[in-house]
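>>> Below are the sequence and a predicted model for it; my questions follow.
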Amino acid sequence: MSKSYTHPPSSSGDSSNGMSHHSSFHGGDIPGLPEYVAPDVANREQKAVTRSKILVVFVLLLAVSGAAAATYIVMEDERHDDFAAAFAGLAKEVSTVARQKVDQIFSALDAHSLFIASEVKADDNLSWPFVVVSDYSQKSEKISDLLGLNRPWLVLSPLIQEDLKEKWTSFAMESAPGWYQNSLDNEGNKFTVDQLMNVTVPFLHEYNYTDNFKPIPTQTSGPVLPQWQKYPVALDDTGLPGTNYDMLAIAEVADLFQVSSLTLKPSLGFTQLLDRSDGENYGQWVVDSQILQPITENGETVGMIWLRLPWREFFENLNVDGLFGMIAVIRSSCDIGVGEVVDTANQLSYSIDASGSVFLGQIDAHDTQYDDHLVSQVIVDSDIDEDQIPEGRCIPTLTLDLYPTKELEETFHTNKPTTYTSVVVSIFAFTSLVFLLYDYFVGRRQRKFMDRIVKQDQIVSNVFPTAIRDRLYESGQKGGSDQCLLDPLGGGLGSGGAPLADLFPETTIMFADITGFTAWASAREPAQVFILLETIYGGFDKQAYRHSVFKVETVGDCYVAVAGLPEPDKDHALAIC
């Protein structure tokens, strides 16, 4: 039934006579044979496509992240620049108005002192220090309008020499009721003249701060500077007029008096007083400035006008539109030198907003994150020659530093950075969606393409051994064409390409025929013939695969197989048997 031959050198290639059935023993659904394995080229291409997709997705994520971050940063910087520009403009206006207002205060005090000096000089019945300025309350009220302050503490203090102290006391007690009444009538004060006289100390005095502010005779030797006519007449809700209180008992005032009496120019310093105005600081000790304006006659100092400059009220009355969310720091070139907690601080801080101003203390209270937004302006420059200032004394130059607050910056907060960033992300998301949709359709087409390739490869694998199949694909790829995937034989015989041929010196070829098959098959149904051949050839295929024998072809009832190729085998004869 079968014949086998041990051949001398023979060759094997990809040619076929077209009448036989070749197999490389890929069993597919045949039990006992190995499963079909897709060619490496298909796997490589699929992996390359997958890597490309991952790379594109990664690049898209990087692009959208970078674009979103850049958009947000740019828009946030733009918002911050708008805030910085708006604050700079507002602060510049505030500092300019503050400087103008300070200049106006000094000019008003100078005019007030000249007016008083002129009035006294024009009245033959008046001579320093025994003067009573007529309608002092009304005149001071008009000056307060120029000062831009609501009822400032404006005190007229004549200079009393040592030999005139007793005479002054008598003059003061006799003259006080008259100007008390005039002031009460003008100011609509709740007190009466008798009430004020009952609390008026009848001698030049100062206060014993360790004994419940008990008045004691002034300890000042030489000239004194008593409080005399005041606006308003009762400085606070206690109703104390303060008449005959020696201003020189206050060290800060004594220093200012010494400078102003020598230079005949106004001098500014600081004092600590109880805040009696409406506001958050009511009843608290606050540090304010005080100004001494000299009154002169024939080139000599004959008195002083003392003004308390409340910085909290000063800032509240700047009348700048949109004033909100700002920290004002007044810096002095000299130590302020008042207060119980900080004795040598040279700065005062105030918060300013639409509701008013609050004294924050002898500190720099601004938020350091806004250091770069500083707007600074000198608002007080005494213009006094340093050579005229007594040794150990300091007349300050005041600088106003303005900073924004977090609350002010919040008013510039907008949703633009978030909105623009969302738009950019949406554009990238839409682009990515289009890409994924396109990739889906391309992928579906590629899957159909690969299914076709795999099916054709299964056919090729049933015709050629795996090694020959792979060489066919490699040969096609070297030609620079992917057509080999759809037509693996396109580069073989009949197409002008060189055939794949190898020499195998040692092989054994088997031919197996079924005796009497033709006569038997002619008397049987086709299905019976097919079942017989399928059963016999299936068994032969299993044995061939087990012994590494290559099935060449089947022609009718003839089964042709060879051992020793495509992989050389020295025991080829034994394998075929």
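Structure received.
>>> Tell me the spacing between the residue nearest the centre of the chain and Leu61.
The centroid of the chain falls nearest to Glu76 when counting by C-alpha atoms, centre = their mean (7.3 Å). To Leu61, Glu76 is 22 Å away according to C-beta to C-beta, to the nearest Å. C-beta: built from backbone N, CA, C; applies to glycine.
>>> List phi and psi for His366.
Backbone torsions for His366, taken as degrees, to the nearest 10, come to phi -80, psi 160.
>>> so what's Val287 closest to, chain neighbours aside?
Closest residue in space to Val287, ignoring its immediate chain neighbours: Gln272 at 5.2 Å, by C-beta to C-beta, 6 or more residues apart in numbering.
>>> Summarise which helices and strands the strand or helix carrying the one you found is packed against.
Assigned by DSSP states H and E, Gln272 belongs to strand 267-274. Using 3 or more C-beta pairs under 8 Å, 6 or more residues apart in numbering; DSSP states H and E as the contact test, the elements touching strand 267-274 are helix 251-263, strand 285-297, strand 300-309.
>>> just so I know, which of these lies nearest Ile514?
The closest of the helices and strands packed on strand 267-274 to Ile514 is strand 285-297. By C-beta to C-beta, the value is 124.8 Å.
>>> Provide the secondary structure category for the closest residue to Phe504 other than its chain neighbours.
Sequence neighbours aside, Leu565 is the residue nearest to Phe504 in space, at 4.4 Å (criterion: C-beta to C-beta, 6+ apart). Three-state assignment for Leu565 (DSSP: H, G, I helix; E, B strand; the rest coil): coil.
>>> and the strand holding Gln272, how far out from the chain's middle?
41 Å (C-alpha atoms, centre = their mean, to the nearest Å).
>>> Give the partner strands of that strand in its sheet and their orientations.
Paired neighbours of strand 267-274 in the sheet (DSSP bridges): strand 285-297 (antiparallel).
>>> quick one: buried residues of the partner strand?
For strand 285-297, a neighbour-count test (16 or more other C-beta atoms under 10 Å) marks Val286, Val287, Asp288, Ser289, Gln290, Ile291, Leu292, Gln293, Pro294, Ile295 as buried.
>>> list the contacts for the last one?
I take that to be Ile295. Contacts here follow C-beta atoms under 8 Å, 6 or more residues apart in numbering; on that basis Ile295 touches Ser113, Ile116, Ala117, Thr301, Val302, Gly303, Met304, Ile305.
>>> CA atoms only for whichever strand or helix holds Ala575, dumped as PDB, please.
Assessed by DSSP H and E, Ala575 sits inside helix 572-576. Once non-C-alpha atoms are left out, helix 572-576 reads as follows in PDB (Å, rounded to 0.1, in the frame of the first residue of the first chain):
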ATOM      1  CA  HIS A 572      14.800  10.700   8.700                       C
ATOM      2  CA  ALA A 573      14.500   7.100   7.600                       C
ATOM      3  CA  LEU A 574      13.400   5.900  11.100                       C
ATOM      4  CA  ALA A 575      10.900   8.800  11.400                       C
ATOM      5  CA  ILE A 576       9.100   7.800   8.100                       C
END
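>>> Out of the helices and strands packed on strand 267-274, which gets nearest to Phe428?
Nearest of the helices and strands packed on strand 267-274 to Phe428, taken as C-beta to C-beta: strand 285-297 at 58.2 Å.
>>> give me every residue that touches the nearest residue to Glu567 once chain neighbours are set aside.
Nearest non-adjacent residue to Glu567, counting by C-beta to C-beta, 6+ apart: Ser548, 6.9 Å away. Residues near Ser548 by C-beta under 8 Å, 6+ apart: Ala563, Glu567, Asp569, Ala575.
>>> Dump those residues to JSON lines, plus distance to Ala88.
Formatted as JSON lines, the contacts of Ser548 follow (distance: C-beta to C-beta, whole Å):
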{"residue": "Ala563", "distance to Ala88": "97"}
{"residue": "Glu567", "distance to Ala88": "87"}
{"residue": "Asp569", "distance to Ala88": "93"}
{"residue": "Ala575", "distance to Ala88": "97"}
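>>> List just the nearest of these to Glu506.
Nearest to Glu506, judged by C-beta to C-beta, of those is Asp569 at 7.9 Å.
>>> about what we covered before: so which of the contacts of Ser548 wins on neighbours?
Within those, neighbour counts (other C-beta atoms under 10 Å) peak at Ala563, which reaches 25 neighbours.
>>> Okay, it and Lys214: tell me how far apart.
Taking C-beta to C-beta as the measure, Ala563 falls 134 Å from Lys214.
>>> Could you do Leu114 as well?
Leu114 is 38 Å from Lys214, where distance means C-beta to C-beta.
>>> out of those two, which sits in the busier spot?
With neighbours defined as other C-beta under 10 Å, Leu114 and Lys214 compare such that Leu114 has more, 13 against 10.
>>> Next, the angle from the helix or strand encompassing that one to strand 300-309.
Leu114 is part of helix 40-122 when elements are defined by DSSP H and E. Calculated by axes from the mean of the first three to the mean of the last three C-alpha atoms, to 10 degrees, helix 40-122 forms an angle of 140 degrees with strand 300-309.
>>> Check which helices and strands the following helix or strand past helix 40-122 sits against.
Downstream of helix 40-122, the first helix or strand assigned by DSSP H and E is helix 136-147. Where contact means 3+ C-beta pairs under 8 Å, 6+ apart, helix 136-147 is packed against helix 40-122, strand 153-158, helix 165-187, strand 230-231.
>>> Let me know the outermost residue of this structure.
Farthest-from-centroid check, the chain (C-alpha atoms, centre = their mean): Ala519, 97.3 Å.
>>> which residue packs closest to Thr507, ignoring adjacent ones?
Of all residues not flanking Thr507 in the chain, Gly564 sits nearest, at 3.7 Å (C-beta to C-beta, 6+ apart).
>>> In contact with that neighbour, which residues?
Going by C-beta under 8 Å, 6+ apart, Gly564 touches Phe504, Glu506, Thr507, Thr508, His572, Ala575.
>>> Show the buried residues in these.
By neighbour count, with 16+ other C-beta under 10 Å, these hold Phe504, Glu506, Thr507, Thr508, His572, Ala575 as buried.
>>> Isn't Tyr231 up against Lys142?
No - the criterion here is C-beta atoms under 8 Å, and Tyr231 misses it with Lys142 at 10.3 Å.
>>> Counting neighbours, go ahead and name the busier of the two.
More neighbours surround Tyr231 than the other of Tyr231 and Lys142, with 22 against 12 (other C-beta under 10 Å).
>>> what about the spatially closest residue to the more buried one that is not a sequence neighbour, neighbour count?
Distance criterion C-beta to C-beta, 6+ apart; nearest residue to Tyr231, sequence neighbours excluded, is Ser140 at 3.4 Å. As a burial measure, Ser140 scores 25 neighbours (other C-beta under 10 Å).
>>> residues in contact with Ser140?
Residues in contact with Ser140 (C-beta under 8 Å, 6+ apart) are His112, Leu154, Tyr231.
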